[in-house]
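Chemist: 3D model of this:
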Amino acid sequence: MRAQPRVGFELPGGYAQYFLTRAAQLHPLPDHLPLDAATLLEPMAVVLHGLARLNATHSDSALVVGDGPIGLLHRAGAPRARGATLALVGGRQQKLALAQTFGAAQTFTYRMPLADLQAALNAVAPEGFALAVEASGKVSGFDLALNQMAKYSELLLFGDYGPAHASVPLLHLIHREVRITASNCGTGAWDAAVEFFGHHVEQDGARSAAREMSRMITHRFSPRRFMEALDAAERRRDEAVKVLLDWTAL
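Modeler: Numbering: from 1, shown residues only. So this is what the prediction gives:
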């Protein structure tokens, strides 16, 4: 089945001076959903699209490699991973702290010696992890996740690896019967992302998903400071996680 053209990819996106889109591609937001939290619906849709492609629910243990927005959202909002004992591996203290506030049981830095990191992960899941999400975009992250897989587990790949190639130990995959699934977009999951945010705003009040997601917005800039905002996002300056252009500041 041929995918529908996506706004911002095959069709002109939000930075175009003018653009047209199909009405079916518009997703009304609940009135009570804060607009700043709504800017995180796209990565949430990416997460939900990927999780929907998995074969099982993985309620016992999960490993996330990568502390960017995609990695963080797997603990903050992904229903299928919520029941799992989750460990997250990242590189920046502010992001690891966010993962802990989102409920990650254990966080580790990849700056640890590899043997120490593997030993720490083995202590969390001695039989290996039922689910691993590789969201770092690094071959080393893929290798780490692959080596921590349990029997009959699933590995979900998200990162942008560029031209990189990985050496896969085929017998390791076969003996543990690991299923590898790759995901690249939020196609078909936008309504689910809006529903998730809206539902938890209504049900949980101050502990809403929208409020939790908003913690990921670490930097806010007026559109007049666009280049400064872009620099902060590209260079992860000042521990930037998610950078927001605030059009109400004009």
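
Chemist: Would you mind splitting this protein into its domains for me?
Modeler: Using automatic domain parsing, the domain parsing of the chain gives 54-182, 217-250.

Chemist: between these, which gets nearest to L26?
Modeler: When those are compared by C-beta to C-beta, domain 217-250 sits nearest L26, at 18.5 Å. (C-beta placed from N, C-alpha, C; glycine too.)

Chemist: in the protein, what spans have low per-residue confidence?
Modeler: 1-4, 57-59, 76-84, 199-209 (pLDDT under 70).

Chemist: Give the full set of residues in contact with the spatially most central residue of it.
Modeler: By C-alpha atoms, centre = their mean, the chain has its centre lying nearest to I70, at 1.5 Å. Going by C-beta atoms under 8 Å, 6 or more residues apart in numbering, I70 touches 43, 46-47, 135, 158.

Chemist: Please apply the same query to V168.
Modeler: L146.

Chemist: Could you verify that G141 is part of a strand?
Modeler: No: according to DSSP: H, G, I helix; E, B strand; the rest coil, G141 belongs to no strand; its state is helix.

Chemist: The residue nearest to it when sequence neighbours are not counted: neighbour count?
Modeler: Spatial nearest neighbour of G141, chain neighbours left out: V65 (4.2 Å); criterion: C-beta to C-beta, 6 or more residues apart in numbering. Neighbour count for V65, taken as other C-beta atoms under 10 Å: 30.

Chemist: likewise A166?
Modeler: Residues lying near A166 (other C-beta under 10 Å) number 13.

Chemist: List the buried residues for stretch 129-149?
Modeler: By neighbour count with 16 or more other C-beta atoms under 10 Å, stretch 129-149 contains the buried residues 129-138, 141-146, 148-149.
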